[in-house]
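Engineer: Only the shape, not the letters, is given here:
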């Protein structure tokens, strides 16, 4: 099942095992932050994988003890390198994140997220685009955009879909980081394990069990669920809201505070 066509990926690692594609986000020095390069590579990979009839699904995890810390804030900071960010550039960036999330959510095969560390902001949203979410007990979760003056724009519908409006609102407006006990309680997680080996052993058994489900039936069922939840023009509206934050006063200060490892001015 070689569908990579000799393509090389710089930010992700992958392996095919027993009809499943194991994908590891591989930017451990940045806690697997979603750079533009990683987003593009993931979208391309999912496009290749969706066309493979023998592939049953994707198992998504991260290297280096992190799942995904969200968007690459250092890349966000580059928006300000020549003064005020260009609105069209900011909107394009936000829509690219939307495309990534939609690619995962509408993927016609199974997606299982194996969380093995922090899953924040866009990483939290990416997990919510999965069909099943497993985690190790030391994992942490948070929707932290608001703490640097941004908004969880594109991830919002997927978080609300997974958690319900009340829990999603609480996390999005507080920026709180929660542990696996709370994540299990509010419905984010399906299973929690003591360590990675136990999680991946269970995931292997679970994925084998899913082979009893008809691939086309899975694809059609997922499309029905997606059709029921679709919201016209949400991505464009969310991108506009994201741009409002990026072009405001808070985001430059929030990004600079993050890079300098200090509290932003509104948190002194």
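Structural biologist: Nice, thanks for sending it over. Worth saying up front: this structure is predicted, and the values here are computed from it rather than measured.
Engineer: Only C-alpha atoms from now on, for both contacts and neighbour counts.
Structural biologist: Noted.
Engineer: Now for residue 250, how many residues are close by?
Structural biologist: Residues lying near residue 250 (other CA atoms under 10 Å) number 18.
Engineer: From residue 139, how far out is it?
Structural biologist: Applying CA to CA, to the nearest Å, the value for residue 250 to residue 139 is 29 Å.
Engineer: cool, residue 56 as well?
Structural biologist: Distance from residue 56 to residue 139, by CA to CA: 26 Å.
Engineer: Report the buried residues of the longest helix seen in the chain.
Structural biologist: Taking DSSP state H as the criterion, the chain has its longest helix at helix 87-105. Within helix 87-105, the residues that count as buried by 16 or more other CA atoms under 10 Å are 87, 90-91, 93-105.
Engineer: With stretch 102-122 instead?
Structural biologist: Buried residues in stretch 102-122 (16+ other CA under 10 Å): 102-122.
Engineer: Show me where the chain dips below the pLDDT cut-off.
Structural biologist: Counting by pLDDT under 70, the ranges of the chain that qualify are 1-6, 228-232.
Engineer: That one: helices as residue ranges?
Structural biologist: Secondary structure of the chain by DSSP H: the helices cover 36-50, 73-77, 87-105, 122-128, 156-163, 165-174, 180-185, 196-210, 215-229, 234-246, 250-259.
Engineer: Please point out which parts of the last one sit buried.
Structural biologist: By neighbour count with 16+ other CA under 10 Å, helix 250-259 contains the buried residues 250-256, 258.
Engineer: Also stretch 28-46?
Structural biologist: 28, 30-35, 38-43, 45.
Engineer: circling back to that earlier point, any chance of the helices of the chain in CSV, with distance to residue 65 too?
Structural biologist: Formatted as CSV, these follow (distance: least, CA to CA, whole Å):
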stretch, distance to residue 65
helix 36-50, 18
helix 73-77, 19
helix 87-105, 22
helix 122-128, 14
helix 156-163, 23
helix 165-174, 23
helix 180-185, 15
helix 196-210, 10
helix 215-229, 30
helix 234-246, 29
helix 250-259, 21
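Engineer: Indicate which one of those is closest to residue 20.
Structural biologist: The closest of these to residue 20 is helix 196-210. By CA to CA, the value is 8.0 Å.
Engineer: Tell me which other helices or strands the closest one touches.
Structural biologist: Where contact means 3 or more CA pairs under 8 Å, 6 or more residues apart in numbering; DSSP states H and E, helix 196-210 is packed against strand 132-136.
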